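S.K.: no FASTA, just this:
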Ligand SMILES: Cc1cc2nc3c(=O)[nH]c(=O)nc-3n(C[C@H](O)[C@H](O)[C@H](O)COP(=O)(O)OP(=O)(O)OC[C@H]3O[C@@H](n4cnc5c(N)ncnc54)[C@H](O)[C@@H]3O)c2cc1C
Ligand SMILES: Cc1cc2nc3c(=O)[nH]c(=O)nc-3n(C[C@H](O)[C@H](O)[C@H](O)COP(=O)(O)OP(=O)(O)OC[C@H]3O[C@@H](n4cnc5c(N)ncnc54)[C@H](O)[C@@H]3O)c2cc1C
Ligand SMILES: Cc1cc2nc3c(=O)[nH]c(=O)nc-3n(C[C@H](O)[C@H](O)[C@H](O)COP(=O)(O)O)c2cc1C
Ligand SMILES: Cc1cc2nc3c(=O)[nH]c(=O)nc-3n(C[C@H](O)[C@H](O)[C@H](O)COP(=O)(O)O)c2cc1C
Ligand code: FES
Ligand code: FES
């Protein structure tokens, strides 16, 4: 397999394979299952500036062939993250991409500045956190708020910035343009879709009432958003949402992504990313194509 | 079954059962499978002012446990609809609710005015048609455009207006408020989600490239939108998206709907609506509740 | 006919036999199917987890004593249907569509494996009536994809189904089609085959003013004209819903 | 231990026997499981269409010559797992979690059907070591829901599993719990049971300063501490990931 060159360039960061973890579903502990160095990057759970507990349990339920989660981004906070968590991802043979978030723009920028000196490959901006300066609506729902957050983070670091969008935005291409105009180097398309799951008595299954839908049901929607953005903008895109099979990877590439992030499938089958990398190498070999030939191949 | 009173009032129209067809998946021909008079209402395919062909084939594909369709609202136009189609729905023992759409506000209002004299129970405004006065973005994506369309239709008819929203809107509650403020009597929540499905070679499966996702994958999302709107507004809601089982009906009621519309499940099992009405009657009998007790029962 | 009741429910499988990637299946026959005729079809889907949502249109071969149809294993829907065993149920909606209109006594059948069900129904009906028809069967190149089996093997099995109920039966590759037709010199044609075959047949019939009927196929959802999914283009520029056919005048459709 | 390799893949089912709504299953045992000990668990999921996405956490009973575990049929995940027959495969991730820490020689087991696997693993390990433990088993009201079978029938089957490997085994309904504990007068407790049982046990142990360990349960996704789904509240106000346990000091968790 290793004979095939699967490397891609994602906004200034070279990945040896175009498959990375979706934040919140992966940790260094996966190194007990497969060699972490085989991944395109290592992406820990989103870190927030201060310690915070996240939502009460239950935090997850299965629905419509996917998952609905309301974890609420519990975090140890930046200090403990840098001291205790980050070291466990170092020296594994793959760049570290830290997912960062905050509920105010200045805190966002300060967090990014703080992370800049930590030898990371890139910083992923999780723009789906409730934005307390705009009524609690996620940054990524709105082009202006996205621009504000990304621009402040851009000013705070020289590292590549990967901006993670939301499928709940009414005008995803506008949000994408704002992220790129503000200095974002790549886009992750995208986070979960707001959803509700009820039990047999009509009560919410999750303590937080609503949550984020991930997995197979969101794939056709996120694939459409990737396609729209790729038609409108020239920016590296990481397709995210329901990637579980080689067909899913090829679909996101065909729609315009140059890499994919895998979440739900990692929870269900932890080695999925490794299987996808192997299957992609095999596909390229069998079909005599390079991985970059697969991007928007039928458009 | 008939002993149980399942009737609900949807924006001025009394339905004998809270289950209606989702436009585009039902026709008078279903009367060969079950008595049409058992349904809450009869809802034909959306009619447009002028004859139009719709999209080329292929128009439909299965994806993620649901369907993606790009029919493109072919229509015989208002004249032929009134002369040839509408009569086939008359005298079946259930009110007729005509789904209407147009790509300009004045044409929308004229169509609604024209339909007003036809003895309908209500008019359903399909606000997901591309709005040619706003760059082709569907009316229902934007509160202002929704207000404009609904207000013009309101002025054109005394019939109850059911406004069909889109899950692609970034701020569905704002759109719902606009529809109600403009004189909408009830909301249908909601139409399909924009999606893309590709074949093994990375080519779009549908001739129109993108289409609308329906069925099981959209249910958790539409359920959340119903829940958000019902928390913010006092308006009758028809839950729509992925209704196939009694649990789905109960879920939409618990989230705040007072009726459901069934599309994809009717395509897959044409008698689904009848089974749901029977199952709901049975549930009410067994649990000693009325159907209206089920609305937001756990909130 | 078009107001007749339609059955929608589960039916017990009485028999299912697979040979050369073709399954012949029989079900209990509910009363709604009485009187169904060649050209009419049903929508069938397997009651199995993971099966596609939508039923697949399959031509009705006979309705008594059992409801009988046959299908080639093509994609996901027919694959899971082929796994269903006697004793299980299949979900069925039907009868749907309209039968062939009145045909000449010596109408010539032209078909291939892709559309065999519709034309086999016609051949069987005429055989029972003691009026065996002639048929031209277009075979595929040996290396054409035909699922797990070879195209030659599959074609020869389907041919054997026609052989039992037809009078003269000419099997020919596509490039021998016109010669085979010349040999018979048909006065009327009833055809259903892949578009490539149909395009050549349409040109042949048009050049000689031979009237005919074409059994069309298209992916379906509702099967009754509600969803407008199953359209085919006509040479007039209009489109038709195949499920409201599926038989159309041979000179009407565009065979791309 | 915590850096040991974890197996992730399909394993052949060697045996599966259901009795009273409880399934005892054995699989091929891959090398990663060597050395797994009571308290550790695996995530198991059926490779069947329609099965839930996520594996279900189940305690490891033994690892040689076969990988063995047992589970009650509770909801969708265990129901479809119960349908899997010898010869099929099950997807397994494990071993996960940490074993019970060092326990006193005469540690008392307190359990019920909901948590039987974890404590049965402990009882079996000690039995093999020739050191049979005493156990208190809390039974449910006869009419408690227990899937297809009655609670009494299920409890009595699970009791029989402990009977074969324990020394003294007291079965008691919840209201006899304290009396049963008094009868034995334990110096240390290893427990896993429903929250109602655990809350009373925690109060009992605290009042008498008896040290102990609790095997916790929570719905899981990743099983290794990545997703933060499997949290339980502690009396300190913190939360823990059960999958990074599942054993915690008896006085630490909130049992609601
Ligand atoms: C009126 C009618 C009668 C038919 N009678 C028979 C019959 O008696 N025996 C038989 O073997 N087949 C018959 N067919 C064709 C049969 O319906 C298709 O082979 C089947 O639907 C394929 O489903 P699938 O899930 O196996 O393949 P899919 O994976 O759905 O499709 C595989 C390929 O077949 C095409 N396809 C899918 N559905 C149809 C369709 N309905 N018509 C044409 N192409 C399609 C797809 O575009 C794709 O290229 C009939 C079709 C129609 C419309
Ligand atoms: C570390 C650990 C070890 C376990 N060992 C065993 C064992 O050896 N034998 C055994 O029979 N069971 C064991 N369980 C419990 C078992 O995991 C659950 O019964 C199972 O996950 C239920 O899945 P289901 O799909 O059948 O039910 P579901 O439909 O998922 O759930 C049914 C009910 O059980 C609750 N539930 C779901 N998953 C869990 C869970 N993991 N823990 C607690 N409650 C849950 C749900 O909230 C719901 O109320 C263990 C659990 C853990 C965490
Ligand atoms: C349990 C869980 C936790 C998640 N936590 C985060 C997170 O902390 N930060 C983030 O940006 N996305 C988070 N996500 C979203 C995923 O990273 C991913 O964008 C989404 O799940 C869609 O991909 P998938 O379908 O492959 O899961 C989480 C998803 C799940 C299921
Ligand atoms: C084949 C098809 C055609 C449709 N045509 C229309 C239409 O003409 N007008 C409309 O308002 N909605 C149309 N819809 C959307 C449905 O009415 C419904 O809102 C949507 O499919 C979600 O419900 P479901 O999951 O029950 O299908 C169509 C959906 C399908 C699948
Ligand atoms: S299948 Fe619905 S119109 Fe033909
Ligand atoms: S199951 Fe993921 S943290 Fe425990």
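M.R.: Nice, I can see it. The shown structure was predicted, so the numbers you read here are calculated from the model rather than taken from an experiment. Ligands and ions are numbered 1, 2, ... in the order given.

S.K.: Any idea how many residues pack against the residue in the stretch 101-250 of chain C that ligand 1 sits nearest to?
M.R.: Closest residue of the stretch 101-250 of chain C to ligand 1, CB to the nearest ligand atom: residue C:117 (1.8 Å). Glycine gets a C-beta too; all of them are placed from N, C-alpha and C. When neighbours are counted by other CB atoms under 10 Å in any protein chain shown, residue C:117 registers 26.

S.K.: what helix or strand is residue A:194 on?
M.R.: strand A:193-196 (DSSP states H and E).

S.K.: Check residue A:250 too.
M.R.: Using DSSP H and E, residue A:250 falls in helix A:246-255.

S.K.: Just to check, residue A:59 is in contact with residue D:229?
M.R.: Yes - counting by CB atoms under 8 Å, residue D:229 is a contact partner of residue A:59 at 5.1 Å.

S.K.: so what sits against both of the two?
M.R.: Taking CB atoms under 8 Å, 6 or more residues apart in numbering or on different chains as the contact rule, residue A:59 and residue D:229 both touch A:69, A:71.

S.K.: distance of residue A:180 from residue A:20?
M.R.: Going from residue A:180 to residue A:20 by CB to CB, to the nearest Å gives 20 Å.

S.K.: which residues of the stretch 151-256 of chain C fall in helices?
M.R.: Secondary structure of the stretch 151-256 of chain C (DSSP state H, counting those that start in this stretch): helices at C:151-163, C:177-184, C:195-208.

S.K.: how about those helices, which one is nearest chain B?
M.R.: Closest to chain B of the helices of the stretch 151-256 of chain C is helix C:195-208 (CB to the nearest CB; 12.5 Å).

S.K.: where exactly do the strands run in the stretch 51-200 of chain A?
M.R.: A:60-63, A:66-69, A:97-100, A:122-126, A:161-164, A:186-189, A:193-196 (DSSP state E, counting those that start in this stretch).

S.K.: pLDDT of the second one, averaged?
M.R.: For strand A:66-69, the mean pLDDT works out to 98.

S.K.: Quickly run through the sheet partners of that strand, with directions.
M.R.: Partner strands for strand A:66-69, per DSSP bridges, with pairing direction: strand A:60-63 (antiparallel), strand A:210-215 (antiparallel).

S.K.: Please see if that strand touches ligand 3.
M.R.: Yes - shown here: strand A:66-69 in contact with ligand 3 (CB under 6 Å from any ligand atom) through A:67, A:69.

S.K.: Could I get the buried residue list for stretch A:72-82?
M.R.: A:72-76, A:78, A:81-82 (16 or more other CB atoms under 10 Å in any protein chain shown).

S.K.: Likewise for stretch A:224-243?
M.R.: For stretch A:224-243, by 16+ other CB under 10 Å, it's A:224-230, A:233, A:235-243.

S.K.: what do you get for stretch A:29-49?
M.R.: A:29-34, A:36, A:38-49.

S.K.: Just to be sure, which of those residues are found in helices?
M.R.: If you go by DSSP state H, the buried residues of stretch A:29-49 have nothing in helices.

S.K.: restrict the residues you listed to those near chain D?
M.R.: A:29-30, A:32-34, A:45 (CB under 8 Å from any CB of the partner chain).

S.K.: burial measure for the closest residue to residue C:106 other than its chain neighbours, as a count.
M.R.: In space, and not counting its chain neighbours, residue C:106 is closest to residue C:187: 6.2 Å by CB to CB, 6 or more residues apart in numbering or on different chains. As a burial measure, residue C:187 scores 13 neighbours (other CB under 10 Å).

S.K.: which residues does residue C:187 contact?
M.R.: Neighbour list for residue C:187: C:104, C:106-107, C:210 [criterion: CB under 8 Å, 6+ apart].

S.K.: In chain C, which residue sits closest to ligand 3?
M.R.: residue C:50 (19.5 Å).

S.K.: Could you count how many residues lie near that residue?
M.R.: For residue C:50, the neighbour count with other CB under 10 Å is 12.

S.K.: which residues sit against the helix or strand following the helix holding residue A:250?
M.R.: Going down the chain from helix A:246-255, the next helix or strand is strand A:259-262, by DSSP H and E. If you take CB under 8 Å, 6+ apart as the criterion, strand A:259-262 is touched by A:8, A:10, A:15, A:18-23, A:25, A:40, A:43, A:188, A:236-240, A:243-244, A:248-249, A:252-253, A:272-273, A:276.
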